[in-house]
Structure formats: C-alpha cells, structure tokens
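> What follows is a predicted protein model with its sequence.
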Amino acid sequence: MSTAGVNSQNGTGTGQTYANGPTQAPASLHQVPGIGSGMTHQPAYNPLQAKAPTPPGLYPYQPVPSFNSSPSAQPLLSSPLVGRPPSHTPPLSASPGPRLPHGHATPPPLAAAAAVSSSSYYPSSQHSMAPTWQFNTVPQLPGSVAPANVPFRGTVGNHVNPPASLPAATSSAPFSSTPPPLNNPQPPGPGIPPTSMHGYTQPGLAPSPGNFMSPHTYPHGRPGFGPPPTGPPPAMKPTPPPPGAPVTSATPPPPKADAHFGGAVNSLPHNEPIFQEGDIECPGALTGNGPHAPNNFNHVDNKMAGQTQPGPPNRHVGHYPSLPPGYQNTSHAGPPMHPPQPYTQPTQPYQQSLSGPGPAQLSPSLAAMSLQSSTPEALRVVNLLQERNLLPPTAVSAPTPCLPQDLQKINCNPEVFRSTLTSIPQSQSLLNKAKMPLGLLLHPFKDLSQLPVVTSSTIVRCRSCRTYINPFVSFLDQRRWKCNLCYRVNDVPEEFMYNPVSRSYGEPHKRPEVQNATIEFIAPSEYMLRPPQPAVYLFVLDVSHNAVETGYLTVFCQSLLENINALPGDSRTKVGFITFDSTIHFYNLQEGLSQPQMLIVSDIEEIFLPTPDSLLVNLNECKELVQDLLKSLPNLFLKTMETQSALGSALQAAFKLLSPTGGRMSVFQTQLPNLGMGALQSREDPNQRASAKDIQHLSPATDFYKKLALDCSGQQVAVDLFLLSAQYCDLASLGCISRYSAGSVYHYPSYHQQHNPAQVERFQKDLKRYLTRKIGFEAVMRIRCTKGLSIHTFHGNFFVRSTDLLSLPNVNPDAGFAVQMSIEENLDDMQVVSFQAALLYTSSKGERRIRVHTLCLPVVSSLSDIFAGADVQAITGLLACMAVDRSVTASLSDARDAMTNAVIDSLSSYRHSVLTIQQPGLLAPACLRLFPLYILALLKQRAFRTGTSTRLDDRVFAMYQLKYQPLAYSVLLIHPALYRVDDLTDEGALNISERTIPQPRLLQLSVEKLSREGAFLMDAGTVMYLWIGRNCHSNFLTQVLGVPSCSSVPENLYLLPELDTAESQRTRAFVGWLRDQRPFFPSLHIIKDESQLKPHFMQNMIEDRTESALSYYEFLLHLQQQISK
Amino acid sequence: MAFTFAAFCYMLALLLTAALIFFAIWHIIAFDELKTDYKNPIDQCNTLNPLVLPEYLIHFFFCVMFFCAAEWLTLFLNLPLLAYHVWRYMSRPVMSCPGLYDPTTIMNADILAYCQKEGWCKLAFYLLSFFYYLYGYVSVSEPPPARSQVQPEPFVLWTQTERKQFSFNFIPSSLTFVR
C-alpha cells in the first residue's frame, strides 16, 4: 500500500508540487520541470555512450550541434574512447520517452534539448536510437509522440474520477498483477490516466527495449550543457542556434560558464549571481564577458587606487613595493608600474590575462585532446606570480561537475554534498599522479527550505547493497531498475509503480525518489531497533566559584526560560538538571512537589543517582517546577566559595541518568576539572605559546573522556560542551567527550558578564540557536559509493562503527563531515560514479526518518580533466581536516609541511604532466588559482600557526572547528572576507524579502587594501571586525556609528547603533545578512588603530608578512622554487 | 647427544611460537572481521587489547631464554621484533588499560591496513622462526662432533656439570634406573 503522501516540510516550492500533484496544470510544470513534471526521468546512463561526455567532449564549444549526427554516433558507441568530439546522439535517445512528451506539453524542457536538435531529434531517434529507449515506450513511438503526449497531460487533470481510471487499470493488467485501484484506494481516486494504457500496451508492440539495455544502461544522452531549461521558455525555444549566439543551450559552454548561465537563467537558490564568477573566470573568451571585468575593477579598485596613493596606510605596505616588477603584471600592455603604487592599475588584469596566457600558450596536447579550439575556463593557465587580483568579487562558488545537464540539474546541492574533485579519476594511480586529495564534504542535516518527504510502507532499496533508489539509477524497463552503486538489477515493487505526484500509474521514474537527489523518507518500523526515543535534554552546569564569577548561569537560565517552549520535542519531552562543583547536585522536579528539591551527592568516586525516576521529568507536566528552578538557580550559588570542579563524576552521573533513554547532554564548564575521576592537570606552558617549535599537548591527556564518550555513544547520548573560561581548560582532553559522541563544542574564551559583553551576546545568540535548532536522535549515517571506491577516513564528530557507518547519538543541523576516499578498483568502464549518504534518525517528534543525499560525478581518464574539476575550497577543507589529524598523531610542523607539500605536489604535477609548454612563473589552472592562498591562510590560521602567541585551547578549538564545521563556514575561518563598508551603495545589491543588501566587493587580505579614509569589515566566521580608519569619512562616522569623530568611537563597541539613515541601514543590512548566512552568531567588534583587538584583525591579513610567517608573494616564490627543483 | 639448556630453550620457543602463530592468526581474522563489518570496533578492541601484552611478554620471555642460553644468532634474529614491540607499545595512544588498539581510530583505513599488514608480517615471521627453532632444536640436541670440543666455555653460564644435571631431569626415568 503506498500511502505515498508526499509533502514538503515547509510546505513551499517543491512540496506543493507534490501535494497538488493531480491538479497541477501543465503550466505549473514549467516552473519545476526537474521535479514535478518528471521531464527528466533519469533512467539510464549508457556506459558506452557515456564515454563520449568524457573530458574533451565535456567542453564542447563548437556551436555546431553534434546531436543529430546519428551515423557518427554509432562508431562512437563501440569505441570506448575518451577524447572524442561531443557525441550526444545516443544519450538523447536514451530518455526521449519521458522527455519528449513533456517537452511538448511544457516548452521549457525542450529549450535545452530542442534548441539544438529539435529538427534532427526525431529522425535520429527513429532509426538508430530506438533500441535504447527504455521504458515508457508510449511516447517513444516516433509517430505518436506528439499526439500521445498532449492527451496525456490533458487527461491527468480530467480523469481524476475513479470510474474513468478503472478501465485503464484493467487494461494494464497484463503488465501489473494487481490493478492499481486496489493499490491506491486513496480518497480522491488516483485516477490513472488512460494514456497509461498506452504506455502499457505499446511496449508489447514496440521493439522490446529490454534486449538492448543490458550492457549499457546509462542513457548518458542528456543533451548539452546548456542552462537548466527553467528559464523563460520563449527565449530559448528558437531552435537552430546561431553559432555563438547567446542561447547557451546551443553552444555548450565550459562547465564554469554553465554555472553562470544556469544561475542566471533559473536563479536556483544556491547558484551565485552571474556576475560574480563572470568577473573572474569570464575572461575566457567564450563567454564574451569582456565588459564585466573591467567594470568591476573600476568599481572598486580605482577607488582604492585613488586612496592608497596619497600615503600607504600602514607599515605593511612596504613589502610589496619592493617586489620584483614581474609581480605587478609586467606582461601588462599598459605603462609600467611604479613601485610605490603597486596595484593602482588593476583595471585590465583580466583582459590581460586573457590575451596573455590564453589558449595560445596552453599546451597543444590539451587543445588537441579536447578537439576544441579552446580549453575550459577552469584550465586556463594562470601565472600566480603575475596575477595579483585572484579573488572573485563575491564568495567563491562550487564548481559544477561536468555532467550531462539533466543529471546535473537534479544533482545534490553542493552545500550539502560536495566533492574535492568534481571529476573522479579512473584509477588510484591517476589520482596519485594528480596529487590532490579525493574526498567528500557533507552537511547532511542542513536546514533545507525545500525538502520532499515521502511516506511509504516500503522504501525501495537495492537488494544487495541496500542503496536507496535515487535519481541516478537506471530503469531497464518499467519493472526493473539497476542500482547505480553495485549494478544489481532489482525489481520495482508494485506500489512504486504509482506516482503520488501525478497520481498516475506506471511511471516509477517520475516518483519523487527518482526526481530528487535529496529526499527524506518516513521510515517504517523495520528501521527501529527500539521504539523511537523521546527528546531528552539534560543540562549539566558548573556552579563553582569560578563559574558564578563569569555570570554565565544567569544568561543560561534566562535563555532557557525564554526558549523553553521552543525546545524541539513533543508531549514526551523530558528535561533534567545537574549542577556540580566539588559535589554533584541533582534536582528532583517530580510533579506534585511545591518547589524543586536539591539532592547533593558528595561521594564523587562512586557516583549514584539518588532518586533515579524523578530527576528527568516530563517537560510539559512539570514546566512550572522547571521554570521555578531556572529562576532560582542563578541566586542559589551566589555565595559559593567552592573552587573545585568534579566534572568527570558529573558526566558519569549524567550518563547514568540518560542511558536508559538516550538524549542530549549539554555541559557547561568554566575551569579545568581537578577533582575525582577525569581530573586534569594544566599542561600548558604560557611561555611556549609563541614558540616556533613543536606544539605539545594537542592530544588528550587521559582517555577517560573518550571512553565515557564511547559509552555515551553506545547508549545514544550526545554530549555538547560549552567551555567558558579564561584559563586553560585542556580542551584537547575535554573535547573528546563531544567528539566521539557526535556532540558539538562551543568555546567562549575569556567569557565574563561585565568585561566581555561581545562574548555574552554571542553566547546568548548561540544558546538560542542551540536550544531551538532541529535535532535528530539515535542517528546513524552510512555513506555508500559506487563499487570500486572506498572510504578511507572520516572527519568530524562521531564514532565510526564500521567501514562506512557513523554512529551519531545526536545529529544537529550545524554539523559537517568530511570523508577521504580511495579508489580500490579501476573505474574504467564507468562514466559516472555516485555517492549516497543516508542519515537515519529519530526526529524530535518521535518519527523515524531517513534523509538521503545522492551525488553523481563523472569519471575521467586524463589528468587535465581532473584538474579542470578541482574544487579548491573543498580541497582546502579536506586538507585542513587531514592536517588536524596529522598534527595530533605526528606533530604540528609535520602537518604544516604536509600542507605546503600538497600545493607543491599538485602544482608541480600540473606543470609537468598537464602543461607541455614550459614557461617561467608559478603556473596553476584557473580553478586552483586560490589554492596557494588558501594553504597560506591555513598555515596562518589559529590552528596551525606558529610563532604567534596562541593559547592551546584556542588552537585546539580552531582544530575542532575545522573538523566539524560545514565547509561553507570553515572557509571563512580559513580565509576571512574583507569588505569596504564606508561607501556601500545599492548598486548591484541583493533584494531579499524587501531588504536591500548591498554587495561590496571582496578585497584581498592585505593591509595595502586598507586606507585610513575608509571603514572595513572583516568577516572571519565566528567574529567580525569593523576597522575604522583614522581619517574615516565623517559621513560614515556620524551616519553609521553616530559619533562625531574617529577619536570618539568608544573602546569595546560591539553594536552598530540603529540610526535612521540610509548608510546605517545599509551597513546593518549587510552585517545582518552576513550573520543570517550561518547558524552561529559572529560577534562584531568595532576597532580603531589603537584598539586592543587590532592585532587580531591584523593577524588575518594573510597576504602580508608577519614576524614569523611568509607573505603571500614570498610563499609563492617558495613554491616556485620547490616546484622547479 | 645431550639435552642442553639451549635445546630446552629451542623446544620451549617452539611451543611458544606455535602459540604466537595462533595470536597472529587471531589478529588477522579480527582485523578482517573489522574490515568486513562483522564486528563492532569497541568489542573487537576489547578482545584484542588484552592479548597484546601477553604476546609481547611471551616473545620477550624466550628472547631472555635465548640470551641465557647464549644463543646469540637466534637472539640477534629476534632483536628487531623485540625492538619493534617496545617501540609499538611506547607509541600507543593514550589509554588507561593495557593494549594498543583504540576503537576510535582503528577504523581509519590507514591504521586498519597497517594492523593487517602487521598481522601478516608477524605470522610470516613466527612461521619462519618456528621452523628455525625446530632446526635449532635438532642441531643443538645433536651437535656435530666437532662442536663439543670447539665450544668455548667462557660464554656458557652453566657449568658442564650443571648442564648435565639439568639434562638429567629430562632423560627418561628408565635410564636413571639403569644407572
């Protein structure tokens, strides 16, 4: 019985599509072709044919559509070759069935395919292609295509009434054993459109598709790389694309360009606006973006130029002028630069780079291989020593895998699932040659605005590898599908034949499961080992003298009081409290008591629970007592003189309390635990903080916390640690409690109620988010990948229970994971590989749910394609995780060397294996042009820096963050963003829910970019600095900060005053927008030249030299030296 | 022919090596089980960790025996493994209980592969040394005629008489009665 209720969590977007399935008018299908209309059934990828889209073919710049060349396609099929001209013929035919009909009904889908080949399409499909049509033979009948479809759509709407559908059902009997009505007795009468009859009867007549399928099941024939067809249909429709015409579908642009256009046309939420990338990458002659680049540069840099000239704002500027002139764009056609004003003429660098190391200088082999006149943008050679302005104007976005467009369109969102190499190498030896890490970065429980949820009594999975059915499986025919991970052929269960979206029968490929790479199932009882647990929250609070001093207790109680009704949960939700100093205090909150009762256990060696059943109480029944307790708690310990802390025993008590149910334990600790079990000694020598020698004590001092965490993990208890302390707390040891129980760690160094209001605000905001965010209990996550790939190492907070299974007692929406992969068998015969992350968890409402993400990536066989698909941010993120591991197991200097070597190796591999024409300079492909910068940033990051005074706890916390923050957030930790904010304009601003958000350009992290006349905002992830220049425009000071002059800006200002001026609104909107993008709350510090925090600000100036670290240019020289060795 | 202390050492080592071979096989199987997901790493580590020290101690024990028996070549052959054991145990992760294996890191592919390789290498070593001890036992029990004369005394810890006494115990009782 397929209950098949499909709904969206937020009731918007796709969700509606499902809910309204039957009533949907064709018109509505236009908008969401990928989902609702099922225009792309992704059936199959023909492995053989798919060869074609490999590297060279991937970047078909030829305007001439090669789709219609069916004769030429056939040889292609047989030759398993790479380096082919883009042969799209066979692929097209693979999915014509489903596609064509809808194409007719809904113009947009056609745009991509039809624009190219609508004329040639039918003919080609008629002869050679016919066999590859897989199921849905209805529309495939060449003659009947159009007619069949039109009625089809019409009928969906009309035949909602059961009677009409009955005949259809009976006629389908030959194919399905049970008539659909029986299966779907759902109220509105899931009408089975008569057309489905067609569908069933035809296959018998038509040449049986089955025979042809077996070896090559992949359709691969997705038409070109044009934009997702969601755009305005009319514009796209004109079929024969004039060469070079802006109709992108005609001339498949390089992958990058694809992304731009895609973003522009259909404005998917995660796609960045067109201009941002256009600016950097577009110099690629193909996209004709000439105008962009100069404009942008003028926009910002000219201003900069004007301001920097009068006087170098800071001493650091001194470094650059001394640089060899080569660094300053000597290849430039313009007048030679003057050393004192190095970068004052950045107007044309891109154009320059275009004509400079353009296609002409590219290796001929590359050009030859791709059979195209130019190489993809990602491979454009960049001489890092010459090009200075490498940063894109706004945030760097993820590269798009070179997949056929309709696969790519349904591929998983890169924010959720991202690979370091968007083109997977064919073999481990090839991967070793590329010298880049292969891995995945996941953010599996991310808060999503649109998430299709499916309720079904049976969840369709592969019988051998247990993969969930996903958009990248291939349907051999209507009743069988082939797993894309293990290639086993499975049966399609009866109830999967019914499609709840369109309420039609016999279209398994249009089910939401097969249309969405991210989907959530409500799991039936087979997925439960025990009844779903209730939401249980236990708070373990430090109430020693030190803790009371910081005053965190008040903030905590206040926050919890405010959010007590917003705690995720249902009527079964339970809460409990434990406080501890040198003894453990329990609170009896049982219903019926007039006030909370405190029970003190002083035997911390043999901890026991005084009254096991009344310490954790139902929140709804005892809410008043809980509120009473929260109100009185801050005052209870005001006079305490107890300085010791028995954290270990408190944790054990809490574990005992939670172990029968599982749940979440939130631990607040303000000092080094020094009593009882798990007592720690201070290991930090403050004199060694700045030493350039190796940093000691990065690994735990005791395994007490780790063992306890493993016990917790076994009982489905997660421990979240809030560390608020000024002194050393040995986070390296304490953190294990969260790390192995899948908790999270929050660190508020120098927290104090009065002295550090910025931390207090951050704590408040973080706490609010922490208390109210979604939570999944007793979760496990399994990551499956196509046969031949295997998982090497996991990074993040969890316990690895088996080779591909993570045990996550709790999962929260802010947790990220990274996975290193290795290639165990050659992937020669595959065109694509898939990765599937399945997260099984219990929601706070007691539902067992499975969230499945599937990512599909192409396999390539040449080194240049691997480089073209490199995702520099993901690589950096993964390298950071690996370096953290290395610095704990080996040493910090080892890790630093390894990171430097990673750049050296990959760039020298690029130089020696991909480029054939050797030219001087430090060459990198455009997609890796930020790699040295990011690695340098990592070397100067708190986690890995040496020579700068860094507290051990801060360092360890930075390491934790690098490991468990999702990539989107950790990138800012590595390479902060710098904006000039005193001249914000509405030009190019975003408009989000009636707020105008200005978009200033991203600046390089160099003092050279600062000027005394400006104000600059540095966004470093968890903290933001607003630096006010000494001679800052009085306009900005008065309008935004509300002070008359720079000297009257107060010390320790951490709030932007709410002034009723346009400037103030813009600035606040921008800061607010930056904050909204992440789940934690970055505190804002407004600093001046003489502020205490200025060193922190200046330490983030990554491109400048410090006493102990190289400047960016020196680093590049070092790399070059190593590479040319 | 004399049943010397050296011969006794070889015989003892033979038996103990047989035990060590079982240890090695047990390790290999255990890690294979881990790799194929049959076992939970916590359980597996709990079963493996108690075996680590006994294995090392057994090996150490017969190394000491060979030292006492002045079997220098045999001792020399065993020294690398002895040193490796010492190094391995010194560089173990922070643990409160004896053992080497940490359930949180054991699933790391590198560590798992290392442990498996270590298991196979040890198995090979123990097998080879098993046959070597067998050979050593035979050759010590039946020394070539020249050997008894050539054998230098200074290195022998036991005097000739002692050695006889020692070997005496192992001579079948019937012989003593005859005497």
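Thanks, I have it.
> Could you use CA atoms for every contact and neighbour count after this?
Noted.
> centroid residue for chain B?
B:His59 (3.6 Å; CA atoms, centre = their mean).
> what residues are up against that residue?
Neighbour list for B:His59: B:Leu82 [criterion: CA atoms under 8 Å, 6 or more residues apart in numbering or on different chains].
> so which strand or helix has it?
helix B:41-68 (DSSP states H and E).
> With A:Phe475 instead?
strand A:474-477.
> Can you name the element that comes right after that strand?
Criterion used, DSSP H and E; the element after strand A:474-477 is strand A:480-482.
> for the helix or strand containing A:Ser429, which positions count as buried?
A:Ser429 is part of helix A:428-434 when elements are defined by DSSP H and E. Residues A:428, A:430-431, A:433-434 are the ones in helix A:428-434 that count as buried (16 or more other CA atoms under 10 Å in any protein chain shown).
> and if you look at stretch B:32-50?
Neighbour-count burial for stretch B:32-50 [16+ other CA under 10 Å]: B:32, B:34-35, B:39-42, B:44-46, B:48-49.
> contacts with chain A among the residues you listed, please.
For chain A, the contacts drawn from the buried residues of stretch B:32-50 by CA under 8 Å from any CA of the partner chain are B:34-35, B:39-41.
> from these, which is closest to A:Ala398?
Closest approach between those and A:Ala398, by CA to CA: B:Lys35, at 33.4 Å.
> Leaving aside the residues adjacent along the chain, what's closest to that closest one?
A:Thr803 (6.4 Å; CA to CA, 6 or more residues apart in numbering or on different chains).
> What is the burial count for the one you found?
21 (other CA atoms under 10 Å in any protein chain shown).
> Name the residues of chain B found near chain A, please.
B:34-37, B:39-41, B:94-96, B:104, B:107-110.
> Which residue in those residues has the weakest pLDDT?
Within the residues of chain B next to chain A, pLDDT reaches its minimum at B:Asp37, with 81.
> Phi first, then psi, for the nearest residue to it once chain neighbours are set aside.
In space, and not counting its chain neighbours, B:Asp37 is closest to A:Ser802: 5.4 Å by CA to CA, 6+ apart. With angles defined as degrees, to the nearest 10, A:Ser802 sits at phi -150, psi -180.
> who's in contact with the residue nearest to B:Lys35?
A:791, B:34-37, B:107.
> Point out where the chain drops to low pLDDT.
Using chain A. A:1-375, A:692 (pLDDT under 70).
> think we crossed wires, I meant chain B
In chain B, residues with pLDDT under 70: B:1-2, B:143-179.
> There's contact between A:Leu485 and A:Gly788 in this structure, I believe.
No. In this structure, A:Leu485 is not within contact of A:Gly788 by CA atoms under 8 Å, at 9.3 Å.
> Bridged to A:Val382, which residues?
A:Ala924 (DSSP bridges).
> Leaving out chain neighbours, which residue sits closest to A:Met781?
Closest residue in space to A:Met781, ignoring its immediate chain neighbours: A:Leu839 at 4.3 Å, by CA to CA, 6+ apart.
> how near is that neighbour to A:Ile791?
Look at A:Leu839 and A:Ile791: by CA to CA, to the nearest Å, they are 17 Å apart.
> Name the residue in these two with the higher neighbour count.
When neighbours are counted by other CA under 10 Å, A:Leu839 and A:Ile791 differ, and A:Leu839 comes out ahead with 24 against 20.
> Looks to me like that one is in a strand.
Yes. Under the criterion used here (DSSP: H, G, I helix; E, B strand; the rest coil), A:Leu839 sits inside a strand.
> Pretty sure A:Val852 is one of the things it touches, is it not?
Yes. A:Leu839 lies in contact with A:Val852 (CA under 8 Å); the separation is 6.3 Å.
> about what we covered before: between the ones next to chain A among the buried residues of stretch B:32-50, which is nearest A:Asn1100?
Of all those, A:Asn1100 sits closest to B:Pro41, with 41.4 Å by CA to CA.
> distance of the closest one from A:Asp703?
For B:Pro41, the distance to A:Asp703 - CA to CA - is 16 Å.
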